[in-house]
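Colleague: what would the 3D arrangement of this be:
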Amino acid sequence: MEFLKLAADRYSVRKFDPRPVEDEVLAKVLKAGHLAPTAVNFQPQKIYVIKSEEAMEKVRDCTPCHFGAPIMLMICHDTNTCWKRSFDGKSSGDIDASIVATHMMLQAAELGLGTTWVMFFDSAKLSEVFALPENIVPTALMPLGYPAADAEASEKHAVCRSEEELVITL
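Modeller: All right, here's what the predicted structure looks like:
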């Protein structure tokens, strides 16, 4: 699929088919995250694949945004591994994890899977229920699975501000 078509056609899926995602398909999604660029190639990402009913129940306690997906990816970053800018200490962690998540989202779409970027979650509670070490910080949750037959893009999906408004050439 041509990249710009893939980017335009991909939408946030908020209704999933209950059928499981095959291991080899999931492996391709995870590989895309593994190949994603990170600052200084430090690769601070930690990706938790949540599949069990017990683990999914924990996620449901931390966010209403699970949409019945059979898998939830919890994309985190390790604060001990992140690159930090020398002049102000800004950490690359959230940015690196976001790039990783985007690669996985686009790979999933190419494979016929649906995803949704979820940042609406109780981070402290998520860290607690999954007993994450203090240095592992959740950046995003990503419901993952096959879209339900009647899943559709939000009415906001095709609404974009103009490129002239967003791009500034100096």
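
Colleague: now do the strands in this protein.
Modeller: Under the criterion DSSP state E, the chain contains strands at 45-50, 71-78, 114-115, 136-145.

Colleague: between those strands, which one is nearest to Arg19?
Modeller: With Cβ to Cβ as the measure, strand 136-145 is the member of those nearest Arg19 (7.6 Å). Heads up, the C-betas are built off the backbone N, CA and C, glycines and all.

Colleague: angle of the closest one against strand 71-78?
Modeller: 160 degrees (axes from the mean of the first three to the mean of the last three Cα atoms, to 10 degrees).

Colleague: could you dump the strands of the chain into JSON lines with mean neighbour count and distance to Ala153 added?
Modeller: Formatted as JSON lines, the strands of the chain follow (neighbours: other Cβ atoms under 10 Å; distance: least, Cβ to Cβ, whole Å):
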{"stretch": "strand 45-50", "mean neighbour count": "19", "distance to Ala153": "25"}
{"stretch": "strand 71-78", "mean neighbour count": "24", "distance to Ala153": "21"}
{"stretch": "strand 114-115", "mean neighbour count": "26", "distance to Ala153": "10"}
{"stretch": "strand 136-145", "mean neighbour count": "23", "distance to Ala153": "15"}
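
Colleague: so which of those strands gets nearest Lys156?
Modeller: strand 114-115 (16.4 Å).

Colleague: now do the contacts for Glu163.
Modeller: Going by Cβ atoms under 8 Å, 6 or more residues apart in numbering, Glu163 touches no other residue.

Colleague: ok, Asp96 next?
Modeller: Residues counted as contacts of Asp96 (Cβ under 8 Å, 6+ apart) are 36, 38-39, 42-45, 77, 82-83.

Colleague: make it 6 Å
Modeller: When contacts are counted by Cβ atoms under 6 Å, 6 or more residues apart in numbering, Asp96 touches 38-39, 44, 77.

Colleague: nearest residue to it other than its sequence neighbours?
Modeller: Leaving aside its chain neighbours, Asp96 sits nearest to Thr38 (4.0 Å; criterion: Cβ to Cβ, 6 or more residues apart in numbering).

Colleague: number of residues surrounding that neighbour?
Modeller: Residues near Thr38, counting by other Cβ atoms under 10 Å, number 20.

Colleague: ok, it to Ser92 distance?
Modeller: From Thr38 across to Ser92, the span is 7 Å (Cβ to Cβ, to the nearest Å).
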